[in-house]
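Asker: Requesting a structural model of the entry that follows:
(one chain, ligands or ions: 1)
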Amino acid sequence: MTQRLVSHLRYAALAVPNFEQERDFFVRHWGLTEVESADGLSYLAAEGSDEPFILRLRKDDKRIDLAGFGVRNRADVDALAAKLHADHVQFVHEPQALTGYSGGYGFRVFDGDGRVLEFATGYQQRQARKIREREPIPAKLSHMVFNSANLNDTVRWYVDHLDFTISDSLITPTGEDMMHFMRCNPNHHSIAIARGPHHALHHLSFEMRGIEEWMRGSGKILRSGARMVWGPGRHNAGDNTFAYFLDPAGNTIEYTTELAMVDDDSWVANRHDISHLSTQDQWGTAAEMSELVARESFNDIDKGLFVAPPV
Ligand SMILES: [Fe+2]
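Answerer: All right, here's what the predicted structure looks like:
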């Protein structure tokens, strides 16, 4: 069993101009719990997760501020930092005591496209609770997906520097790569990279307790007035269910459940042709994936590339 230095995806941090509206949506409708707020900054937790927060919102021009990853201990943080230095990866800051909410010890770097990644350990955890039957709120953050204008270079970056592994890929009928699902632990994917016209957030996915809670959650979001971009359905790659919505800032966000767990040593990556109807919608309940639907998740050009967020 492979053990990587990066243990899991912890949180996404996003900057949005309509901060108050976005925060209100995630707390009142999406079902996250605000655990800390400061001037133009909000930390949101999922009740079913022991991560101190899974989403951080900040008031600014729209950008991805950070993708936060967990590392098991200080020795692994130092080992990962040493490896990334040896690989000539560009650092935002060295391993140090983190001063943001929940603290910890970690460092930040730029990925190949200029997104900022944080790797941390020793932060203060939160007491998770069991999500009740039929309770339509996220249990945890499932995965984060980036659009990249350099799909395969970006994927290579995560494989070479962070030891992620491709679990499955989506391809066009002519064999062109469209999307790669990548794992750092038995979860089928914690991140994915999609071919996009520019670098941006493709979507953020939140895991629900089960099908009943996922369905109830989806109805709750529809009733809030948010638009369902695509779904409900069950993907082939990852075998997870999907319902995609647009948040008030125009980011695509997903309720999902039942993401596949894979055995690291025996799993063989598949290349799924997106023109096969069952590839992306096993049940046949979602609208057919079209160029129009795909465009919804291109998102605005990320304004934060190779610029570290102020916090
Ligand atoms: Fe997803």
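Asker: Contact partners for residue 284?
Answerer: Going by CB atoms under 8 Å, 6 or more residues apart in numbering, residue 284 touches 233, 277-278. (C-beta placed from N, C-alpha, C; glycine too.)
Asker: What of residue 193?
Answerer: 145-148, 151, 154-155, 158, 179-180, 182.
Asker: before we move on, the earlier item: from the contacts of residue 284, keep the buried residues only.
Answerer: residue 233 (16 or more other CB atoms under 10 Å).
Asker: Redo the contacts of residue 284 as a markdown table? Include distance to the ion, pLDDT and secondary structure.
Answerer: Formatted as a markdown table, these follow (distance: CB to the ion, whole Å; pLDDT from 0 to 100; DSSP: H, G, I helix; E, B strand; the rest coil):
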| residue | distance to the ion | pLDDT | secondary structure |
| --- | --- | --- | --- |
| 233 | 11 | 96 | strand |
| 277 | 18 | 79 | helix |
| 278 | 17 | 79 | helix |
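Asker: Near the ion, which residues of this protein are found?
Answerer: Counting by CB under 5 Å from the ion, the chain comes close to the ion at 205, 254.
Asker: Could you pick out the longest strand of the chain?
Answerer: The single longest strand within the chain, with elements called by DSSP state E, is strand 6-16.
Asker: So for that one, mean pLDDT?
Answerer: The pLDDT scores in strand 6-16 average 98.
Asker: ditto for stretch 189-205
Answerer: Rounded mean pLDDT across stretch 189-205 is 97.
Asker: Just the local confidence number for the residue of the chain positioned farthest from its centre, please.
Answerer: In the chain, residue 174 marks the outermost C-alpha relative to the chain mean, sitting 28.2 Å out by CA atoms, centre = their mean. Note on residue 174: pLDDT of 95.
Asker: ok, now residue 2?
Answerer: Reading off the model, residue 2 has pLDDT 66.
Asker: Could you shift the numbering so residue one becomes 2, and keep it that way?
Answerer: Right, with 2 as the first residue, what we last looked at is residue 3.
Asker: which residues touch whichever residue of the stretch 102-251 of the chain sits closest to the ion?
Answerer: Closest to the ion within the stretch 102-251 of the chain is residue 206: 4.1 Å, counting by CB to the ion. Residues in contact with residue 206, defined by CB under 8 Å, 6+ apart, are 142-146, 254-257.
Asker: Am I right that it sits in a strand?
Answerer: Yes. Judged by DSSP: H, G, I helix; E, B strand; the rest coil, residue 206 forms part of a strand.
Asker: Is it bridged to anything, and to what?
Answerer: Bridge pairing for residue 206 (DSSP bridges) gives the partners residue 144, residue 255.
Asker: Now find how far off-centre stretch 227-247 is within its chain.
Answerer: Distance, stretch centre to chain centre, for stretch 227-247: 14 Å (CA atoms, centre = their mean, to the nearest Å).
Asker: gap between the two ends of it?
Answerer: 6 Å (CA to CA, to the nearest Å).
Asker: got the buried residues for that stretch?
Answerer: 227, 229-239, 241-247.
Asker: and if you look at stretch 142-157?
Answerer: So for stretch 142-157, counting by 16+ other CB under 10 Å, buried means 142-149, 152, 155-156.
Asker: Also stretch 107-118?
Answerer: Here stretch 107-118 shows 107-114, 116-118 as buried, counting by 16+ other CB under 10 Å.
Asker: Likewise for stretch 200-212?
Answerer: Buried-residue list, stretch 200-212, by 16+ other CB under 10 Å: 200-210.
Asker: Who are the contact partners of the residue most central in space within the chain?
Answerer: Nearest residue to the geometric centre of the chain (CA atoms, centre = their mean): residue 145, 1.4 Å. Each residue near residue 145 by CB under 8 Å, 6+ apart is listed here: 10, 13, 68, 191-192, 202, 205-206.
Asker: so what pLDDT did it get?
Answerer: 98.
Asker: Kindly report the same for the one 3 residues further on.
Answerer: According to the model's per-residue confidence, residue 148 sits at a pLDDT of 97.
Asker: Could you list the low-pLDDT ranges of the chain?
Answerer: 2-3 (pLDDT under 70).
Asker: Let me see the domain layout of it.
Answerer: 7-122, 141-297 (automatic domain parsing).
Asker: picking up where we left off before, so which of the buried residues of stretch 107-118 comes closest to residue 307?
Answerer: residue 111 (5.8 Å; CB to CB).
Asker: on that earlier part again, go through the buried residues of stretch 227-247 and flag which are in strands.
Answerer: Going by DSSP E, the strands hold 229-235, 242-247 from the buried residues of stretch 227-247.
Asker: Include distance to residue 127 when you put those residues into TSV, please.
Answerer: TSV is the format used below for those (distance: CB to CB, whole Å):
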residue	distance to residue 127
229	30
230	30
231	31
232	29
233	29
234	32
235	30
242	26
243	27
244	26
245	27
246	25
247	28
